[in-house]
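Enquirer: coords please:
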Amino acid sequence: MIVMVSVFSISSLFAQQSVTGKVTSTTGNVGGVTVAVKGTSRATQTKEDGSYTIQAQKGETIRFSIVGYIAQEIQVANSNTINVTLTPEEGALDEVVVTGFAERKRSQIGSAVTTVSGEDIRRTGAINPITALQGLVPGLQVQPGVGGPQSTPIFRIRGSASLDPYNNQPLIVIDNIIMDQDMVLPNRGGNQDFGNILKDLNPDDIENITVLRGGAVTALYGSRAQSGVILITTKTGFSQRGLGVTITQNTQWDQAYKTLDFQNEFGPGTTGGDRDFVKTPSGQLQVPATAFNFGPRFNGQTLLDYDGREIVFSAKPNNMLDAYRTAISNNTTVGISGGNAQGSFRLSYSRNGSQGITPNNDFTRNSVNFRGTQRLLGKVIVDANVSYVKSEARNAADVGAGNAMLSGNTSAGSVLVNFVSGMPRYYDTKYWMDNYKAATGGWNRADETGFSSVLYNLYENNRVTNDDNVRGSIDVQVPFTDYLKFQGFVNINYLGSNYENRTRGRDSAYANPEYSTSMSSRFTSQFRGALHYTKKINDFNMMLLGGGEYYSFSSKGQNARIDGAIYPDIYRLSNSRNRVIAGEEKPNARHLGSLFYQASFDYRDDVTLNIYGRNDWNSSLVYNDGHGTYSYFYPGADVIWKFNETFKDKLPIFNYGALRLSYVQTGNGTGAYTTNTGAYSTGGAYNDYLGRSVLNYGYQSNTLPNQSLRPERTTKYEAGLEVRMLNNRVGTNISYYSQDSKDQIISFVTESTSGVTAALLNGGKVRNKGIELVLFGIPVKTDNFSWDTRFNYTRNRNTILSLPFGLEYIGVGGGDGYQAVAKVGGDYGTVIAPYAYAKYQAVDGNGNPTESALNGKRVLSSPNGTSTIYERAANYTQGIDKAPVLGSILPKFLGNWRNTFNYKTFQLVVAVDAKYGGMVYSSTKDFGSWLGTLKSTLPGRSEEFGGVAFTTAAGVARNDGVILDGIYKQGTTVNFGGKVVDISGMSHQEAVDAGYMRPASAAAYYSNSHSWFSGIRERSMYESSWVSVQQVSLNYDLPSTFAKKLKMNGLRVGVYGNDLFFIYNSAPDNFNPYSINDSGSGAMNEGSAMPYVRRFGFSINGSF
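Expert: Numbers count the residues shown, from 1 in each chain. Prediction:
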């Protein structure tokens, strides 16, 4: 790297100055603008403060262009200073987009493309750059991760096509380096999300991100691009005199400001009265020892707590928020750049130190990035980049173990989220945060609630992932003639991860600790070469491209844990009391060879036709004997007609108008080794005759192979219209698409009696179609002020057209008693719930359904002849196949409204984001209702809250009765007055009025309706719709005169706030709609109940 920096920097010292100036926009200074003298090879780029220097003569024309802005051309006159203000546009037409290999203007691409500037990425302060794309790109759905600053967002382009819920991620490409799917999926330790490889990317190094939503250009990326492509381009150096230095500092505060709605009226207990208090031998009242919160009313009584303290019995409304902290994050970047007409370079170092709101959740990242370009021998252009990143993620928040505490599990795996559902409302979190450890070491067991155990685990245990990531690429362009050139590159990407789980001993003197560790590595390499031929013949421009590519991926991993510990607080394998238990991942390697072509024909810049083709040879479809359908070809084509050019004299109102059409097919393979019968794996270790630990290899063949697998196929169609009018003051961009995915490679669960647990086969056809709409305009524009507004709308509809073997559905997500399924005739996320409400259906004497006014009402049952509960649908209809359909997890539409206000050198951005529809199941609501901690469990607890008065069988008068809404199922009988009475078809109210039944107590009603054993899952499902103020930011470019006094070229300061508040949120009990546990396409479970978090920050960017 040192040699490369030296080569690229020495030549930069000899740059000459002729014409100077600064390029700005309504958003401030614009760095990275290409400044070129037309008709010559002289070109440069603006620095990050927008300044430039270039040699030019009077009469020559200088062109200023950059992604996202309308290009300008200015003729050099007498002055040697030219300042330029560029106008931002919705996808500037002259911007260059690298699609596969060829560089094309956006106006020459016949499918949907959106480019987001690095400035828009940085203003969010997000660790993962994909999170920053939320709402900025139509067709792209992004849901931020909630497991801490390092966590992985859920993101999809145009819905889900693969029936494998973890195979719908778009392809990520960084400077031509493909991020393999194994690297993009979250690095999980249990329910903890330690992030993916993108957390290692410094946002200050990003020039822009381009999202290729359409199919035509993705054909050039191969089968990996079946779900779309996200291209991330890093910064390059600028031509300038001497060296330029930029320093960027971003500081952010994350504040947990609100949690779900708890009830703060009643304490622990089950009877709703003072009889729940425990009386000590001395006669003093003590807090009830139960997890249920249907006990005495809080009245400020003085009670004895479990550890012998006298406490005031009152609610602690903020005891959940008290467990979180205000997190501080800092990202500092120093960049050095230089260059001249022959080349440029940029070298940067960045350090990020970020905290999560969960205590001990920290993320650190140190990165070095170099990118340089150099012209050799006058013609050959070399573009080289290399980066090294070392990151550490500590104690990611557990986003899926919200139920562990509720089931009595206070082990090391239980974490802070377990407080949510069952923590007593009087619990003093601040006190126990200081007293969770016993005086003799270990967990303080004086807290009989067990919640101090969660605090012990949170503060004393450590789960840490350390990553080392090395990326490198060299791109070479060799022109043979003015028409023919060769372009090729080679790149590598290595990711090594080391995970440690250090569980401190919970017994006295911290005895019996636990320790485990694992190591994994992933390595990719890619070689690519192509010939480009360009030719202009009269009114025709032609570009022909043909080339080949080889891509390989490999991974391996090992894991080990101790079996009993000798000494406390020593976390080493050598501290194992017994033999270390070790295991090894099976080696994983796959290869992809490809040939591809592209032909583009342009007529008068009116009509452009692009034709694509690619053939892949995929090792994952090769069998042991060499046969298999491992070679597959897929074509594509698109056409763009710019009707404003054809009718420029007749349609002067249009600055731009274009129609586009595209068609493409893509193919895909499967995972490594899955086509063959079984593979070797390890299952622990054994001792040989010398007492040595030896890995125990075994042969598994639980999946029935398929000797005639075909590649998956996806066919995509797209039509679009883009219009700009009134001097680019108003415009729209509309896309309609339809795509079918068939012959999907699926592993189906089989009956165990078959000798295998799964079978691999082709089958299933999934359709996605939808509309993407962008409306943009500049309602106000004066010399000093402008208002830019943009609205994005996304609507995707998914349909399951068929499944193999005549199956009605297959599961893609869900849990006990509810499922998200791909259902024929339905969509990818159809929600069925065997544990939904059973609905009454009258039958005649032969058992056939018959008409009745009672049909459709909820069904009640009485398991013991005295209590009343709701009946589950699966119990009532006898079979999961008849489970009711409740809705879909897929949103009906997404929207984003973004406004940018510019006044002189001030810029204010306000963004509002929205999602409508999509079902969510909340296990937190189920358990919080079961245990009585949620505010929604107040109705019925007393006369004040609508409770019904009744007398128990023991003669105790109560006023916490609840009447269930339903009728008793057929065959329900009770004993009354010594007789058996049939109450079938009676409502609960009718049975109570007749004296046959009693109201359910509030505790019994909520517990039975939400318990894991008899609960109705439908009660905890809801349609998730929301509107949020996603972002407000203000930037200010200080006057150049002030910057010069500080010996600086430019200085920008900014403040911002993200995720500020929700204008509307349909979630019950004030749940955070971002709290989804999983990253798969079938994710629908809220089980973490993370609090609402606001993010405030400021940034300083200075250049020298």
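Enquirer: Identify the residue nearest Ile157 in space, chain neighbours excluded?
Expert: Take Ile157 and drop its neighbours on the chain: the residue closest to it by Cβ to Cβ, 6 or more residues apart in numbering is Gly228, 3.4 Å away. Any C-beta I mention is one placed from the backbone N, CA and C, and that applies to glycine too.
Enquirer: Identify the neighbouring strands of the helix or strand that contains Lys769 in the sheet and state each direction.
Expert: Using DSSP states H and E, Lys769 sits in strand 758-781. Paired neighbours of strand 758-781 in the sheet (DSSP bridges): strand 703-704 (parallel), strand 730-749 (antiparallel), strand 785-802 (antiparallel).
Enquirer: Kindly reformat those strands as a markdown table and extend each row with mean neighbour count, distance to Gly1082 and mean pLDDT.
Expert: As requested, the strands paired with strand 758-781 are exported to a markdown table (neighbours: other Cβ atoms under 10 Å; distance: least, Cβ to Cβ, whole Å; pLDDT from 0 to 100):
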| stretch | mean neighbour count | distance to Gly1082 | mean pLDDT |
| --- | --- | --- | --- |
| strand 703-704 | 18 | 21 | 68 |
| strand 730-749 | 20 | 14 | 88 |
| strand 785-802 | 18 | 12 | 94 |
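Enquirer: remind me which residues of the stretch 401-550 of the chain are low pLDDT?
Expert: Residues of the stretch 401-550 of the chain that meet the criterion pLDDT under 70 lie in 401-421.
Enquirer: For Gly583, list each beta-bridge partner.
Expert: Asn559.
Enquirer: what does Ile869 give?
Expert: Beta-bridge partners of Ile869, as defined by DSSP bridges: Ser861.
Enquirer: Touching, it and Leu860? I think so.
Expert: Yes - checked against Cβ atoms under 8 Å, the pair Ile869 and Leu860 is within contact range at 7.0 Å.
Enquirer: Overlap in contacts, the two.
Expert: Shared contacts of Ile869 and Leu860, defined by Cβ atoms under 8 Å, 6 or more residues apart in numbering, comprise Leu964.
Enquirer: how many other residues sit next to the residue nearest to Ile157?
Expert: Residues near Gly228, counting by other Cβ atoms under 10 Å, number 25.
Enquirer: Spatially nearest residue to the most centrally placed residue in the chain (excluding sequence neighbours)?
Expert: What sits nearest the mean C-alpha location of the chain, by Cα atoms, centre = their mean, is Pro153, with 1.6 Å. Sequence neighbours aside, Thr131 is the residue nearest to Pro153 in space, at 4.7 Å (criterion: Cβ to Cβ, 6+ apart).
Enquirer: Pull the contacting residues for the residue nearest to Ile157.
Expert: Here Gly228 is in contact with 157-158, 170-171, 211-213, 218 (Cβ under 8 Å, 6+ apart).
Enquirer: Stretch 73-83 spans what distance, first to last residue?
Expert: 12 Å (Cα to Cα, to the nearest Å).
Enquirer: ranges for the strands of the stretch 151-300 of the chain?
Expert: Under the criterion DSSP state E, counting those that start in this stretch, strands of the stretch 151-300 of the chain are mapped to 154-157, 171-174, 177-179, 188-189, 192-193, 206-212, 229-234, 244-258, 278-279, 285-286.
Enquirer: for the ones you listed, which one sits closest to Gln598?
Expert: strand 206-212 (14.1 Å; Cβ to Cβ).
Enquirer: In the sheet, which strands lie alongside the closest one, parallel or antiparallel?
Expert: Short version: by DSSP bridges, strand 206-212 pairs with strand 113-117 (antiparallel), strand 229-234 (antiparallel).
Enquirer: Show me what the mean pLDDT comes to for stretch 1082-1091.
Expert: Average pLDDT, stretch 1082-1091: 81.
Enquirer: Give me the buried positions along it.
Expert: In terms of neighbour count (16 or more other Cβ atoms under 10 Å), stretch 1082-1091 has its buried residues at 1082-1091.
Enquirer: shaky segments in the stretch 51-200 of the chain?
Expert: Judged by pLDDT under 70, the stretches of the stretch 51-200 of the chain that qualify are 67-68, 88-104, 106, 186-191.
Enquirer: So Asn644: helix, strand or coil?
Expert: helix (DSSP: H, G, I helix; E, B strand; the rest coil).
Enquirer: how close does the residue lying farthest from the centre of the chain get to Val956?
Expert: For the chain, the largest distance from the centre (Cα atoms, centre = their mean) belongs to Gly978, which lies 62.0 Å off. Shown here: Gly978 relative to Val956, a distance of 23 Å by Cβ to Cβ, to the nearest Å.
Enquirer: cool, and Leu136?
Expert: On the measure of Cβ to Cβ, Leu136 and Val956 end up 61 Å apart.
Enquirer: try Leu260
Expert: 33 Å.
Enquirer: Looking at the two, which one has more neighbours?
Expert: Leu260 (26 against 11).
Enquirer: Quick check: nearest residue in space to Arg729, chain neighbours excluded?
Expert: In space, Arg729 is closest to Ile778, 4.8 Å off (Cβ to Cβ, 6+ apart).
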